[in-house]
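Enquirer: everything below, folded, please.
(chains A and B)
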Amino acid sequence: MMKKVLIIGSGIAGMTCAIECAGKGMKVSIVSPYPSERAQSVLAAGGINAVLECGTDGDSINCHIEDTLKGGCYIAGRNAVRGLCEDAPDIIRWLEKIGTVFSTDTDGTIRQRAFGGQSYNRTCYCGASTGKQIVTALIMEARRLEGLGMIERRTGIDFYSALIADGECCGAILHNRRTEELEAECADFVVVATGGMNALFRMTTGSSLCDGYAAGKLFEQGVELKNLEFIQYHPTTMITGQKRMLVSEAARGEGGRLYYDENGKRVYFMEELFGKRGNLMPRDVVSKCMEETGKDIFLDVSFLGKERIMQRIPEVYELCKKYRGIDISSQSIPVVPSVHFFMGGIAVNNEHETRIRNLYAIGECSSIYHGANRLGGNSLLAAVHGARVATASIEKRSPGNKQYDPTQELNAGRERFKELRSSKSSFPVMYIRDMLAQNMQDDLGIERNSDRLRKGIDDISYYLSIADKINYDNSERIYYAYSLEGILTAAKATLVCAMSREESRGAHLRSDHPQTKDKWTASTIISYDNGAYNTKLDVEGIYEN
Amino acid sequence: MRIRIRRQENSVSKPYWQEFSYEKKNDQTIAGMLEELNYLDDLKDISGNSAPRIHWEQSCLQGMCGGCAMVINNTPALACETFLRDIKKDTVVLEPLRKFPVVTDLIVDRSVIDTYLKKEGAFIEEYKGAAFSEYYHMYQAGKCLKCGLCLEVCPNFSCGSSFYGAAFANDCYLIAMRSGTRDTALTRAYKEHFEKGCSKSLSCMDICPMKIPTLASISKMNRVR
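Expert: Okay, the predicted model is just below:
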């Protein structure tokens, strides 16, 4: 019997999983609000890490593993990371074969550049739009399998909830934007690939479509979350009126230097602290050092000259020119650290399965490989690798036996929709989302302490207590109204995780616990029990090992 | 300043105009302005009447996803990279793209772009690689957002016609250059659904947010035959 796989999210992780599952004879349904061109994956500028045979002399897969574990401050699972790094060369070959336009030398050798926290130049790239080029290739490949009837891509679909019976997932309830109704889709396996939790902070470097609702909702439904306190602040972003614009790490990979002004003199503080490669220290280290200066920080690439800038990082040039009117061939870029990546997310084992059988999570919404801090170039790699691992696991499994009747869940959801639609209020649900973001920015910045975290938890708990009692403007998309509780839940879980970890490690800096402590060398796991948020340390490596 | 928006509740309802007032900020984009309006406690139109929230498509807000393509003061553009400082008039008129069916307000259904590519089997299947000299142009073509702006301004394109437009031509090039099995079929489809109908106005190139040199795709496809 043909297995049916439902994939939620059509970025690089979701699309790779769809292609892999369909290639192995499974029937795939992949759903998302908009087509893959709108996925956050297209923003991934820098590159994808792999030790290629033709790569930098002296580099090795073992070195990639060690760099990844070290960057993650030794709480990622060694076996999981080994799988990631060993799979990387084959992933690059596969991506090239399906049509990814990598930057190459004249003989066709894929170019590799330096990225933060790496001992060698091992980041393969496609100019400054690696994610976009990969997405373009994945869409073409998915189209081939769609023509064979193996994949069905549907847009205009939001996740509502998972269908779970006796600890086993057997489909999902989805919101169809066209009919504005809820519908159930049964499947043997469900793979969640919904990206990071940007809505928690509103202004991040990512897409507004990745909001954390799926993680929050699944948490309420029994899935455990992991390492939520580890949120990567990318050191080089520009402030604009609509979002934080990422200045790719490639700018520093090409030699860009960070500095601040003191009495009219430039202080290259990262180089003073760490020597020649100081500007390319891991992102958590750079962000922390920037914050500690208390000064306005600038990134200078002008010395590269316009020709090299236009050749190697033209997108960075265009971005700065367009959004801030800065010509980077003659002017420095004012940069601030901003929320960029969520190392935490849905807890999955080495096969990417959650605590709920037949429910998988891949890509940024899952938490694996990156530990306390992700290295640049490892997220695209993890998105593709995770999808391949999940596929291999699903392939081994028998189809689910559950004949599940979703009527009860559907009716409950429809009742809720009726209530939301009958509101006459003009109060926008976005008001609460805005307050949430303000809280998170204030209470869960680069540096945290127990007082702020406690305040944050209290505030979010209050929002949660009133969220379903308020009448909202029903002219807003109903998704915003029904997703609010899940987003708030994910936010509270994040703050609780940050409160629980009484040490500083990677992207989690506690001013009241500045030391890294051996006893905390493990992942934080958080579970939900009737409104209670319980944390524990995964010292035995139950999930990732 | 006045913001005049062509609104439509759903795909079958009647469109209508609604105006809002907004304090102009030069560094704000149309996208940022729409965000601000939607985040207001109580959205009111210019006459003080409560107005429904404005629906528009967005994701990346930095010109990389193509979601927010719309018609701004009669010119199709991405809302996230159109700055109010560049709007010389006191009124900004926002309309959905006109060549595609409206879903709601400023959101349109652009699925026809992918439907055409699917119909013609636009995929590589057997990868044979390409000469190094092609890489720069392939990289450019690979950046297509499928935002539909090129089709919006094209004098030859309309939904349902047999002319598929520049987005189709660029993808044909991406495949014909590198596929060992689909090159002939895609070259044929290109001739039928692009070459035959293109009057070379090249408005597609001027409007493209990714600056894709479609003319180069055309010339390269001509050489493939």
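
Enquirer: ok, now how distant is B:Gly32 from chain A?
Expert: Per C-beta to the nearest C-beta, to the nearest Å, B:Gly32 is found 4 Å from chain A. Placement of C-beta: from N, CA and C, glycine included.

Enquirer: just give me the neighbour total for that residue.
Expert: B:Gly32 is flanked by 20 other residues according to other C-beta atoms under 10 Å in any protein chain shown.

Enquirer: how about it: what's its closest non-neighbour residue?
Expert: A:Gln242 (3.8 Å; C-beta to C-beta, 6 or more residues apart in numbering or on different chains).

Enquirer: and the one you found, which of the three is it?
Expert: In terms of secondary structure, A:Gln242 is coil; the call rests on DSSP: H, G, I helix; E, B strand; the rest coil.

Enquirer: now do the residue of the stretch 351-500 of chain A found nearest chain B, the pLDDT please.
Expert: Nearest residue of the stretch 351-500 of chain A to chain B: A:Ser475, at 3.4 Å (C-beta to the nearest C-beta). What the model reports as pLDDT for A:Ser475 is 92.

Enquirer: still on that earlier bit, now do the residue nearest to B:Gly32 against B:Asp27, distance only.
Expert: Distance of A:Gln242 to B:Asp27, given as C-beta to C-beta, to the nearest Å: 10 Å.

Enquirer: higher neighbour count, these two?
Expert: With neighbours defined as other C-beta under 10 Å, A:Gln242 and B:Asp27 compare such that A:Gln242 has more, 24 against 14.

Enquirer: for B:Asn73, see how far away the more buried one is.
Expert: For A:Gln242, the distance to B:Asn73 - C-beta to C-beta - is 19 Å.

Enquirer: burial count for A:Ile48?
Expert: 32.

Enquirer: who's it bridged to?
Expert: A:Cys124 (DSSP bridges).

Enquirer: next, the contact list for it, please.
Expert: A:88, A:91-92, A:95, A:123-125, A:130, A:134, A:377, A:380-381, A:384 (C-beta atoms under 8 Å, 6 or more residues apart in numbering or on different chains).

Enquirer: quick one on the thing from earlier: pLDDT value on the residue nearest to B:Gly32, please?
Expert: pLDDT, the model's per-residue confidence, is 87 for A:Gln242.

Enquirer: so it touches B:Glu35, yeah?
Expert: Yes: between A:Gln242 and B:Glu35 there is a contact under C-beta atoms under 8 Å: 6.3 Å.

Enquirer: near chain B, which residues of the stretch 151-300 of chain A?
Expert: Residues of the stretch 151-300 of chain A lying near chain B by C-beta under 8 Å from any C-beta of the partner chain: A:Thr155, A:Arg177, A:Arg178, A:Ser207, A:Ser208, A:Leu209, A:Thr240, A:Gly241, A:Gln242, A:Lys243, A:Met245.

Enquirer: could I get those residues as CSV with distance to A:Cys365?
Expert: CSV is the format used below for those (distance: C-beta to C-beta, whole Å):
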residue, distance to A:Cys365
A:Thr155, 19
A:Arg177, 21
A:Arg178, 25
A:Ser207, 13
A:Ser208, 15
A:Leu209, 12
A:Thr240, 26
A:Gly241, 28
A:Gln242, 24
A:Lys243, 20
A:Met245, 23
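
Enquirer: of the residues you listed, select the buried ones using a PyMOL command.
Expert: Per 16 or more other C-beta atoms under 10 Å in any protein chain shown, the buried members of these correspond to this PyMOL selection:
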select buried, chain A and resi 155+177+207+208+209+240+241+242+243+245
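
Enquirer: pass me the low-pLDDT residue ranges in the stretch 1-150 of chain A, would you?
Expert: Along the stretch 1-150 of chain A, segments meeting pLDDT under 70 span A:54-56.

Enquirer: identify the residues contacting the residue lying closest to B:Pro101 once chain neighbours are set aside.
Expert: Distances taken as C-beta to C-beta, 6+ apart place B:Asp109 nearest to B:Pro101, at 4.9 Å, with adjacent residues excluded. Each residue near B:Asp109 by C-beta under 8 Å, 6+ apart is listed here: B:Ser11, B:Phe100, B:Pro101, B:Val102, B:Val103.

Enquirer: what about the last one, distance to B:Glu9?
Expert: Summarising the geometry, the distance separating B:Val103 from B:Glu9, computed by C-beta to C-beta, is 10 Å.

Enquirer: of those two, which one has the most company?
Expert: Counted by other C-beta under 10 Å, B:Val103 and B:Glu9 do not tie: B:Val103 has more neighbours, with 19 against 15.

Enquirer: how about residues contacting the strand or helix carrying that one?
Expert: Secondary structure from DSSP states H and E places B:Val103 in strand B:102-104. Residues from elsewhere that reach strand B:102-104 (C-beta under 8 Å, 6+ apart): A:Arg177, A:Arg178, B:Gln8, B:Glu9, B:Asn10, B:Ser11, B:Pro15, B:His55, B:Pro96, B:Val108, B:Asp109.

Enquirer: which pair of those residues spans the longest distance?
Expert: Farthest pair in those (C-beta to C-beta) is A:Arg177 and B:Pro15. Separation: 19.1 Å.

Enquirer: most distant residue from the middle of chain B?
Expert: B:Gly48 (33.3 Å; C-alpha atoms, centre = their mean).

Enquirer: shaky segments in the stretch 351-500 of chain A?
Expert: Looking at the stretch 351-500 of chain A by pLDDT under 70, you get A:401-402.

Enquirer: let's see it at 90
Expert: Residue ranges of the stretch 351-500 of chain A with pLDDT under 90: A:376, A:398-404, A:423-427, A:468.

Enquirer: what does it put close to chain B?
Expert: Within the stretch 351-500 of chain A, the residues that sit near chain B (C-beta under 8 Å from any C-beta) are A:Ser426, A:Phe427, A:Pro428, A:Met430, A:Tyr431, A:Asp434, A:Asp473, A:Ser475, A:Glu476, A:Arg477.

Enquirer: nearest to A:Gly371 among the residues you listed?
Expert: A:Asp434 (31.6 Å).

Enquirer: next one: the helix or strand where that closest one lies to chain centre, how far?
Expert: Per DSSP H and E, A:Asp434 falls inside helix A:429-443. Relative to the chain's own centre, helix A:429-443 is displaced by 20 Å; criterion: C-alpha atoms, centre = their mean, to the nearest Å.

Enquirer: now do stretch A:388-407
Expert: That offset, for stretch A:388-407, works out to 24 Å (C-alpha atoms, centre = their mean).

Enquirer: if we can go back for a sec, which of the contacts of B:Asp109 are buried, as a PyMOL select command?
Expert: The PyMOL selection below is limited to those of those classed as buried (16+ other C-beta under 10 Å):
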select buried, chain B and resi 100+102+103
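
Enquirer: farthest pair in the contacts of B:Asp109?
Expert: It's B:Ser11 and B:Phe100 that sit farthest apart of those, by C-beta to C-beta, at 10.9 Å.

Enquirer: show the end-to-end separation of stretch B:69-79, please.
Expert: 6 Å (C-alpha to C-alpha, to the nearest Å).

Enquirer: and the contacts of that stretch?
Expert: In contact with stretch B:69-79 (C-beta under 8 Å, 6+ apart) are residues B:29-31, B:34, B:56, B:58, B:63, B:66, B:68, B:82, B:87, B:89, B:92-98, B:106, B:147-149, B:152-153, B:207, B:209.

Enquirer: which ones among those lie within strands?
Expert: B:Val92, B:Val93, B:Leu94, B:Glu95 (DSSP state E).

Enquirer: what is the most widely separated pair among these?
Expert: B:Val92 and B:Glu95 (10.7 Å).

Enquirer: wouldn't B:Gly66 be in contact with B:Pro209 here?
Expert: Yes: at 7.1 Å, B:Gly66 counts as touching B:Pro209 under the criterion of C-beta under 8 Å.

Enquirer: using CSV, list the CA coordinates for stretch A:477-489.
Expert: The C-alpha coordinates for stretch A:477-489 follow below in CSV (Å, rounded to 0.1, in the frame of the first residue of the first chain):
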residue,chain,number,x,y,z
ARG,A,477,-7.5,37.1,8.5
ILE,A,478,-9.0,34.4,10.8
TYR,A,479,-5.6,32.8,10.9
TYR,A,480,-4.2,35.7,13.0
ALA,A,481,-7.0,35.2,15.5
TYR,A,482,-6.8,31.4,15.9
SER,A,483,-3.0,31.4,15.8
LEU,A,484,-2.6,33.9,18.7
GLU,A,485,-2.8,31.4,21.5
GLY,A,486,-0.2,29.0,20.0
ILE,A,487,2.2,31.9,19.4
LEU,A,488,1.8,33.1,22.9
THR,A,489,2.3,29.6,24.2
